[in-house]
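> got a sequence here, can you model it:
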Amino acid sequence: MEIGEKIKIARNNKGFTQEELANQVNISRTAVSNCKNGRNYPDLKTLIQISDTLNISIDKLLKDDSEFIKNRIRQ
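Below you'll find the predicted structure:
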């Protein structure tokens, strides 16, 4: 499962809209949407904020998302 889908599930479990999550971690709603759709991935600082806000470990967010890992290795 990709990171965007994991964030969506955790966000829904917390009852947050994309807008509410975006406000919590100081990013745009569009950035949340792009992550959900696999267009962009959050940077590490934002990923930590999302992890803290949604009470989901970074390990859980990143595991099994080979596309995210592949893109990060290239950078």
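
> what's near enough to touch residue 53?
By CB atoms under 8 Å, 6 or more residues apart in numbering, the contact list for residue 53 reads 14, 21, 24-25. Glycine gets a C-beta too; all of them are placed from N, C-alpha and C.

> typed the wrong thing, it's residue 19
Neighbouring residues of residue 19 by CB under 8 Å, 6+ apart: residue 29.

> against residue 27, how distant is it?
11 Å (CB to CB, to the nearest Å).

> grab the nearest non-local neighbour of residue 58.
residue 51 (4.8 Å; CB to CB, 6 or more residues apart in numbering).

> one more: residue 28?
Distances taken as CB to CB, 6+ apart place residue 22 nearest to residue 28, at 5.8 Å, with adjacent residues excluded.

> any idea how far residue 59 is from the one you found?
As judged by CB to CB, residue 22 and residue 59 stand 23 Å apart.

> of the two, which one has the most company?
residue 22 (17 against 8; other CB atoms under 10 Å).

> quick check, that one in contact with residue 36.
No. If you go by CB atoms under 8 Å, residue 22 and residue 36 don't touch, sitting 11.2 Å apart.

> correct me, but residue 11 touches residue 54?
Yes. Shown here, residue 11 and residue 54 form a contact pair, counting by CB under 8 Å, at 6.3 Å.

> thank you, goodbye.
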